[in-house]
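J.: Predicted model and sequence follow; I will ask about them next.
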Amino acid sequence: MEHFDASLSTYFKAFLGPRDTRVKGWFLLDNYIPTFVCSVIYLLIVWLGPKYMKNRQPFSCRGILQLYNLGLTLLSLYMFYELVTGVWEGKYNFFCQGTRSAGESDMKIIRVLWWYYFSKLIEFMDTFFFILRKNNHQITVLHVYHHATMLNIWWFVMNWVPCGHSYFGATLNSFIHVLMYSYYGLSSIPSMRPYLWWKKYITQGQLVQFVLTIIQTTCGVFWPCSFPLGWLFFQIGYMISLIALFTNFYIQTYNKKGASRRKDHLKGHQNGSVAAVNGHTNSFPSLENSVKPRKQRKD
Amino acid sequence: MAAAAATAATKGNGGGSGRVGAGDSSGARKKKGPGPVATAYLVIYNVVMTAGWLVIAVGLVRAYLAKGSYHSLYYSIERPLKFFQTGALLEILHCAIGIVPSSVVLTSFQVMSRVFLIWAVTHSVKEVQSEDSVLLFVIAWTITEIIRYSFYTFSLLNHLPYIIKWARYTLFIVLYPMGVTGELLTIYAALPFVRQAGLYSISLPNKYNFSFDYHAFLILIMISYIPLFPQLYFHMIHQRRKVLSHTEEHKKFE
């Protein structure tokens, strides 16, 4: 196994260049295999989990979910705060920022981005909760692809470009996650629901996030600095793959608007069910978005 | 730029019809819209182009803040401008293969006229690059394209915010004249250098017995704006009344 690790490292070095020594020895970062194994296990659970649950009653997971959502809200808030202050202190350049020019601020960014990488592992729990609560409709191709690839991508980012221009997408994503997990957490408390005004902005926020990340990355391409170009092109390609899946997801949701509405109506009667609440949460923004064009077409 | 109006109007109509068809439960009408793969591709294209023109916008702002002056900003955004404007050639392909319900001729005219201005005038005649007129059309194009591509993106997703629609059918009132002015002034500024250098010109005698005077060709292009621009501009104004008043009636109905 150690021999395999060594040959893998040699291959990575040949293909990607030398690793960033500042993260040497950090938890999970020295070898790729643990990250890869976790991803395989994740995919196996996604494949086998729904089969296992097929003839079983769904778990409510209510208490642990509240704790989970609160925890991730706080973690996302912490990451967002650290990233914003780190970028500010380091006087990071929006157009292009290398990984070696901001001194201690770079270390601050690297430390929080490790948490960002690790949070991708924690967020596998999102999918596991869907499986346990039998919300299989929320386990979309986009969802699985995004969760599985993000952990792996960030393993590589942390080992080669753990700060500099890499900060931007993580900052936006952390901000979106504050909105998303705080909404999930609070929506399980019935008395809070009238105040949760930001749910409809989550989906829109994700699209805006894609565009802004492409802009920031593209700026690095056209006005380059020491940040390596290959990583920028990879990032753009990855964002494009997400947009493709997002579009398909969005259109399918739109095309099922009738069905979604009926489901939504039914779920409205199960106020006590956390499963219904979260399901309601995810389906509602798309439904709300699709209502306007429908009315417009009637005129 | 003048051609942009017609193509824009045509695309707007086509896009709208396509969306209505796609949304309707009728199977026959559904088939008229682009399939899911084509739609996903078009969303990618439009998102990337929206982002690309926003890159040019932020590049302009950045350069202006760095220099403290608006002169010679072209040099700061030259590369992304060439890349994304040339990338628009794909739109001719989209029309030709039928995933966008617009006229191939109109789209070709619009895109080629801009690509021509970028490469055959601004790129080729280095002396005009520092002219303020270049900045005039670059800014007009940038704002127009950000609005246009985001309009298409949201339309494809069947979620068009009113402000985007409003911007699409209102800001052209200022932006099209602004762009055309910049284009004409740029071509005009290039004329003496083209004549002096004999740029892209072929003179007799030669074995092909054919001559071409690029200088005269440019003058001809400038003259062609006279009949084309007003026609397309007022067509767009007509389109505006149609689209926005429809929305107003819709609001009253609500």
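T.: Alright, I've got the coordinates.
J.: what are the ranges of the strands in the stretch 1-150 of chain B?
T.: In the stretch 1-150 of chain B, no segments count as strands under DSSP state E, counting those that start in this stretch.
J.: Around chain A, pick out the residues from it.
T.: B:19-20, B:23-24, B:36, B:39-41, B:43-44, B:47-48, B:50-52, B:54-55, B:58-59, B:62, B:79-80, B:83 (C-beta under 8 Å from any C-beta of the partner chain). Every C-beta, even on glycine, is put in place using the N, C-alpha and C of the backbone.
J.: If any of those residues are buried, give me the ChimeraX selection for them.
T.: Restricted to buried positions by 16 or more other C-beta atoms under 10 Å in any protein chain shown, the ChimeraX selection for the residues of the stretch 1-150 of chain B next to chain A reads:
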select /B:19,20,23,39,40,41,43,44,47,48,50,51,52,54,55,58,59,62,80
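J.: dump the residue contacts of B:Asp213.
T.: Each residue near B:Asp213 by C-beta atoms under 8 Å, 6 or more residues apart in numbering or on different chains is listed here: B:Ser201.
J.: Distance check, it against chain A.
T.: 36 Å (C-beta to the nearest C-beta, to the nearest Å).
J.: Could you check how far that residue is from B:Ala120?
T.: Note on B:Asp213: its distance to B:Ala120, by C-beta to C-beta, to the nearest Å, is 14 Å.
J.: same thing with B:Phe137?
T.: 14 Å.
J.: quick one: which of the two has more around it?
T.: B:Phe137 (24 against 19; other C-beta atoms under 10 Å in any protein chain shown).
J.: Over to the spatially closest residue to A:Trp223 that is not a sequence neighbour: give its phi and psi.
T.: Excluding the flanking residues, the one nearest A:Trp223 by C-beta to C-beta, 6 or more residues apart in numbering or on different chains is A:Phe95, at 4.8 Å. Main-chain dihedrals, A:Phe95, degrees, to the nearest 10: phi -80, psi -40.
J.: Tell me which residues touch A:Phe95, please.
T.: A:219-220, A:223, B:58-59, B:62.
J.: Near chain B, which residues of the stretch 51-200 of chain A are found?
T.: So far as C-beta under 8 Å from any C-beta goes, the stretch 51-200 of chain A lies against chain B at A:94-95.
J.: same for the longest helix along chain B, what does it pack against?
T.: Scanning chain B for the helix with the most residues, using DSSP state H, yields helix B:214-253. Packing contacts for helix B:214-253, counted by 3 or more C-beta pairs under 8 Å, 6 or more residues apart in numbering or on different chains; DSSP states H and E, involve helix A:274-298, helix B:2-23, helix B:162-168, helix B:172-197.
J.: Count the residues that sit near B:His71.
T.: 11.
J.: Give me the phi and psi for it.
T.: phi -70, psi 140.
J.: Now do the helix or strand harbouring A:Lys51, average pLDDT.
T.: Using DSSP states H and E, A:Lys51 sits within helix A:33-53. Average pLDDT, helix A:33-53: 96.
J.: Quick one: residues contacting residue 189.
T.: Unless you meant another one, I'm taking chain A. Counting by C-beta under 8 Å, 6+ apart, there are no residues that A:Ile189 touches.
J.: try again with chain B
T.: By C-beta under 8 Å, 6+ apart, the neighbours of B:Ala189 are B:127-128, B:131, B:133.
J.: Among those, which lie within helices?
T.: B:Ser133.
J.: which of the contacts of B:Ala189 count as buried?
T.: B:128, B:131, B:133.
J.: in terms of contact, does A:Val161 touch A:Thr99 like I think?
T.: Yes. Between A:Val161 and A:Thr99 there is a contact under C-beta atoms under 8 Å: 5.5 Å.
J.: Common neighbours of the two, please.
T.: A:20, A:227.
J.: show me where pLDDT drops low in chain B?
T.: Flagging of chain B using pLDDT under 70 yields the residue ranges B:1-33, B:246-254.
J.: can you give me how far stretch B:190-198 is from the chain middle?
T.: 26 Å (C-alpha atoms, centre = their mean, to the nearest Å).
J.: contacts for that stretch?
T.: Contacts of stretch B:190-198 (C-beta under 8 Å, 6+ apart): B:121, B:125, B:127-128, B:199-200, B:214-215, B:218-219.
J.: Run a quick neighbour tally on the residue lying closest to B:Pro161 once chain neighbours are set aside.
T.: Of all residues not flanking B:Pro161 in the chain, B:Phe154 sits nearest, at 6.4 Å (C-beta to C-beta, 6+ apart). By other C-beta under 10 Å, the residues close to B:Phe154 number 20.
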